[in-house]
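Engineer: Below: sequence and its predicted model.
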Amino acid sequence: MARVDFYVLQRTDERARYTLACKLAEKAYRLDNTVYIHTKSRGDAAQLGELLWTFRDGSFVPHSVSGSEDGTESSPVVIGSETDGVEPRDLLINLCDEIPEFAGSFPRVAELVTSDETCRRLSRQRFVEYRNQGHSIQTHKL
């Protein structure tokens, strides 16, 4: 079973959620872990890819957007919105409203939650699903 960490932000905006995803990906990369960041759409994946270059001065997180076919498929950090063909990595950062079908193949999952009421309600549903599946769950209020 995976270890699932819920990171609960005080802010309501998606930008804060995406910035936290960048920070977690950078930390995992520095610890020699591989990461898959699951987004709602291909457009969100591209937006997050751009943010990974600019979220912090001096940051460097080698990454690729899934399906871009630009020769970076083996990057330590991959961002995508596909549900098929996702290969397991050390960490899954989920930015979607539901648990991806492939989540069980990752040893660690990070769920990022804003204080927006809809986001919180959907994260509570995911929390219950993870718990019912027997995963180890921790909550971090930021």
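Structural biologist: Arrived safely. Numbering: from 1, shown residues only.
Engineer: Show me what the lowest-mean-pLDDT helix or strand in the chain is packed up against.
Structural biologist: Lowest on mean pLDDT, DSSP states H and E among the helices and strands of the chain sits strand 63-65, with a mean of 82. If you count contacts as 3 or more Cβ pairs under 8 Å, 6 or more residues apart in numbering; DSSP states H and E, strand 63-65 packs onto helix 42-54, strand 77-80. (Glycine included, C-beta is placed from N, CA and C.)
Engineer: Which one, of those, ends up nearest to residue 34?
Structural biologist: Using Cβ to Cβ as the measure, strand 77-80 is the one of these that comes nearest residue 34, at 7.4 Å.
Engineer: Spatially central residue in the chain, please.
Structural biologist: residue 93 (1.8 Å; Cα atoms, centre = their mean).
Engineer: For it, give its distance to residue 142.
Structural biologist: Here the criterion is Cβ to Cβ, to the nearest Å. By it, residue 93 lies 14 Å from residue 142.
Engineer: Tabulate the helices and strands packed on strand 63-65 (a markdown table), appending mean neighbour count.
Structural biologist: Shown next, in a markdown table, are the helices and strands packed on strand 63-65 (neighbours: other Cβ atoms under 10 Å):
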| stretch | mean neighbour count |
| --- | --- |
| helix 42-54 | 17 |
| strand 77-80 | 25 |
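Engineer: Nearest to residue 23 among those would be which one?
Structural biologist: helix 42-54 (10.2 Å).
Engineer: Helices of this structure, start to end?
Structural biologist: All helices of the chain, identified by DSSP state H, fall at 14-30, 42-54, 117-132.
Engineer: dump the residue contacts of residue 62.
Structural biologist: Taking Cβ atoms under 8 Å, 6 or more residues apart in numbering, we find residue 62 in contact with 29, 72, 75-77.
Engineer: So among those, which ones count as buried?
Structural biologist: 29, 75-77 (16 or more other Cβ atoms under 10 Å).
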